[in-house]
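Participant: fold the following.
(chains A, B, C and D)
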Amino acid sequence: MGTELKPFHVTEGPIEAAPYMEYVTHPGAGAVTAFAGTVREWTNGKRTMYLKYEAYVPMAEKKLAQIGDEIMEKWPGSRVAIVHRVGELAISDIAVVIAVSSPHRKAAYEANEYAIEQIKKVVPIWKKEMWEDGEEWIGDQSYKPEKESENE
Amino acid sequence: MGTELKPFHVTEGPIEAAPYMEYVTHPGAGAVTAFAGTVREWTNGKRTMYLKYEAYVPMAEKKLAQIGDEIMEKWPGSRVAIVHRVGELAISDIAVVIAVSSPHRKAAYEANEYAIEQIKKVVPIWKKEMWEDGEEWIGDQSYKPEKESENE
Amino acid sequence: MIHLHYFAGLKEAAGKAEEDLSWQDGTADDVLQWAKQTYPAFDFTAVQLAVNEEYVHLDEPVKPGDHVAFIPPVSGG
Amino acid sequence: MIHLHYFAGLKEAAGKAEEDLSWQDGTADDVLQWAKQTYPAFDFTAVQLAVNEEYVHLDEPVKPGDHVAFIPPVSGG
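Facilitator: Numbers count the residues shown, from 1 in each chain, chains lettered A, B, ... in the order given. Reported below is the predicted structural model:
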């Protein structure tokens, strides 16, 4: 990456984990975790053709940075970077990358999972599923607990 | 990667997460997690200059593949790739990469953490810490429960 | 005047992503009531409001120049 | 003949990574006893044995041609 990386970023272009993992790596880190949310073809027996993501970009980036602050407070010594893509995404494209470094591995896993859970609760980003026979904006999964495990 | 990636690999060269995350990604995956164990400068107040890793390579690769099999059985639909570096590693170098994909995110986190825990128990790889004033082969952390959290 | 921001289903229902509204004084709830009357076909039940990029309760004051966003249940990740 | 493999501290204590040993018949424990006598300065307490790249109990038979590895507590990751 020749350009400076923005650690809490919403972007239209393709994203990948590597530069974010590098960004959070430092001599005090013993563990780096990355999460990449990818577009899955089949969900609840329906075939997804592609997805559309839309965001309230300035607020979304602010909320991502707040999640980063919370993590650095809850897991001292951690560093965090999060990027979310918007626009049209094909099957297997990466929608979100979360990278967390920490002195010890337990924190790196926990903090990473905390980040994705918070993103799904508070960050103003919306997903529209495009099927062969229709399309639908996907609402907050926390309102449909019986489907929770089916929605990444 | 022009060459075919070996999904359970012990190697002398530098390693990175990206090709392993790509390797496990597929249309059925909604989540990909990566763990990178990096060389930390300070542990228990002692400064590490560098590390040396040594492995019983054929058995280590066999054990890594067994961990992969266990994961695919415990978390159906998962794919796994693990690479461990041996030789001399500098601060912030990556010693191990674990990549796991899964239809849903919970499994991708759990299976990844399971992999690193199993590696630390059964895979014949040894680490020697090189300090300014000495060196020591690091024994199995499970024999020193009071230090467990200090050893990544 | 205040600046309104619509997303996802509401953006499609309104046929626009943003619009400005004449405004002197009031609360987030006043803005919500205006939107409900203006876009009666849209279900605002689960919509939260954000003023200047922060979630607010409905009694939050809204002043001229503020940005008010209607935030349907999020589904990022 | 069997093939012995040493690692980490035992490799340094033995001054070699591998050696061959004349062998007719016996168990993993017989190999361990031989090693304890041959390298008395090394503490084998926590060492496990692997025969042909699998961990074994000490009563495991060892046959000519087998690879026997001494596995001190591992510390990868």
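Participant: just checking, which helix or strand of chain C averages the lowest pLDDT?
Facilitator: Using mean pLDDT, DSSP states H and E, helix C:8-14 stands out as the lowest-scoring helix or strand of chain C, at a mean of 94.
Participant: and the next element down the chain from it?
Facilitator: Where DSSP states H and E defines the elements, the next helix or strand beyond helix C:8-14 is strand C:18-21.
Participant: so what secondary structure elements neighbour that next one?
Facilitator: strand C:2-5 (3 or more Cβ pairs under 8 Å, 6 or more residues apart in numbering or on different chains; DSSP states H and E). C-beta here means a position set from N, CA and C on the backbone, and glycine is covered the same way.
Participant: ok, residues contacting the strand it packs on?
Facilitator: If you take Cβ atoms under 8 Å, 6 or more residues apart in numbering or on different chains as the criterion, strand C:2-5 is touched by A:56, C:17-21, C:23, C:31, C:35, C:62-70.
Participant: the residue of chain C found nearest chain D and chain A, how far apart?
Facilitator: Of all residues in chain C, the one sitting closest to chain D is C:Gly77 (28.4 Å; Cβ to the nearest Cβ). Separation of C:Gly77 from chain A (Cβ to the nearest Cβ, to the nearest Å): 5 Å.
Participant: ok, back up a step: which of the contacts of strand C:2-5 fall within strands?
Facilitator: C:18-21, C:62, C:67-70 (DSSP state E).
Participant: quickly check those residues for the two that are furthest apart.
Facilitator: C:Glu18 and C:Val62 (15.8 Å; Cβ to Cβ).
Participant: which one's more surrounded, these two?
Facilitator: C:Val62 (22 against 12; other Cβ atoms under 10 Å in any protein chain shown).
Participant: where does chain A come near chain B, residue by residue?
Facilitator: Residues of chain A lying near chain B by Cβ under 8 Å from any Cβ of the partner chain: A:16-18, A:21, A:25-43, A:91-92, A:94, A:101, A:103-106, A:108-109, A:112-113, A:116, A:149-150, A:152.
Participant: select only the buried ones of those residues in PyMOL?
Facilitator: In PyMOL, this line selects whichever of the residues of chain A next to chain B come out buried by 16 or more other Cβ atoms under 10 Å in any protein chain shown:
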select buried, chain A and resi 17+18+21+25+28+29+30+31+32+33+34+35+36+37+38+39+40+41+43+91+92+94+101+103+104+105+108+109+112+113+116+152
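Participant: burial measure for residue 46, as a count.
Facilitator: Unless you meant another one, I'm taking chain A. As a burial measure, A:Lys46 scores 13 neighbours (other Cβ under 10 Å).
Participant: to clarify, I was referring to chain C.
Facilitator: 11.
Participant: sec struct for the nearest residue to it once chain neighbours are set aside, please.
Facilitator: Once flanking residues are discounted, C:Ala46 sits nearest to C:Pro73: 5.1 Å by Cβ to Cβ, 6 or more residues apart in numbering or on different chains. Classification of C:Pro73 by DSSP: H, G, I helix; E, B strand; the rest coil places it in coil.
Participant: per-residue confidence for A:Glu4?
Facilitator: At A:Glu4, the model reports a pLDDT of 88.
Participant: so what pairs up with the most centrally placed residue in chain C in the strands?
Facilitator: For chain C, the residue nearest the mean C-alpha position is C:Phe70 (3.6 Å; Cα atoms, centre = their mean). Beta-bridge pairing for C:Phe70 (DSSP bridges): C:Leu49.
Participant: hmm, the residue of chain C closest to chain D is touching A:Lys120, no?
Facilitator: Yes - if you go by Cβ atoms under 8 Å, C:Gly77 and A:Lys120 touch, sitting 4.6 Å apart.
Participant: the more surrounded of the two?
Facilitator: Between C:Gly77 and A:Lys120, C:Gly77 has the larger neighbour count (other Cβ under 10 Å), namely 26 against 23.
Participant: if I look at that one, how far off is D:Leu32?
Facilitator: To D:Leu32, C:Gly77 is 53 Å away according to Cβ to Cβ, to the nearest Å.
Participant: show me what from chain C comes close to chain A.
Facilitator: Counting by Cβ under 8 Å from any Cβ, chain C comes close to chain A at C:5, C:7-9, C:11, C:46, C:50, C:53-55, C:69, C:71-77.
Participant: buried ones from these, can you make that a ChimeraX selection?
Facilitator: Selection of buried members from the residues of chain C next to chain A for ChimeraX, criterion 16+ other Cβ under 10 Å:
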select /C:5,7,8,9,11,50,53,55,69,71,72,73,74,75,76,77
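Participant: can you tell me the residue of chain A closest to chain D?
Facilitator: Chain D sits closest to A:Arg105 of chain A, with a gap of 8.2 Å, by Cβ to the nearest Cβ.
Participant: quick one, what contacts residue 77?
Facilitator: In the absence of a named chain, this looks at chain A. A:Gly77 touches A:28-29, A:102-103, A:107, counting by Cβ under 8 Å, 6+ apart.
Participant: was after chain C, sorry
Facilitator: For C:Gly77, the contact set (Cβ under 8 Å, 6+ apart) comprises A:37, A:84, A:95-96, A:116, A:119-120, A:125, A:152.
Participant: looking at the residues you listed, which is nearest chain C?
Facilitator: Of all those, A:Ile125 has the smallest distance to chain C: 2.9 Å, by Cβ to the nearest Cβ.
Participant: my guess is the closest one meets C:Gly76, correct?
Facilitator: Yes - the criterion here is Cβ under 8 Å, and A:Ile125 meets it with C:Gly76 at 2.9 Å.
Participant: what residues are shared contacts of those two?
Facilitator: Common contacts of A:Ile125 and C:Gly76 (Cβ under 8 Å, 6+ apart): A:53, A:55, A:60, A:84, A:119.
Participant: which members of the residues you listed are positioned in strands?
Facilitator: With DSSP E as the criterion, strands contain A:53, A:55, A:84 from among the shared contacts of A:Ile125 and C:Gly76.
Participant: pretty sure the first one contacts A:Asp93?
Facilitator: In this case it means A:Tyr53. No - using Cβ under 8 Å, A:Tyr53 is not in contact with A:Asp93, being 10.0 Å away.
Participant: isn't C:Val47 up against C:Val68?
Facilitator: No - in this structure, C:Val47 is not within contact of C:Val68 by Cβ under 8 Å, at 11.4 Å.
Participant: pLDDT (mean, whole number) over the lengthiest helix in chain C?
Facilitator: With secondary structure taken from DSSP state H, chain C has its longest helix at helix C:28-38. The predicted model assigns helix C:28-38 a mean pLDDT of 98.
Participant: just the CA coordinates of that helix, formatted as CSV?
Facilitator: Output of helix C:28-38 as CSV, limited to C-alpha atoms (Å, rounded to 0.1, in the frame of the first residue of the first chain):
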residue,chain,number,x,y,z
ALA,C,28,-36.4,14.4,16.7
ASP,C,29,-40.0,13.2,17.3
ASP,C,30,-41.4,16.1,15.3
VAL,C,31,-39.1,15.2,12.4
LEU,C,32,-40.3,11.6,12.6
GLN,C,33,-44.0,12.7,12.6
TRP,C,34,-43.4,14.8,9.6
ALA,C,35,-41.8,11.9,7.8
LYS,C,36,-44.6,9.5,8.7
GLN,C,37,-47.1,11.9,7.2
THR,C,38,-45.0,12.6,4.2
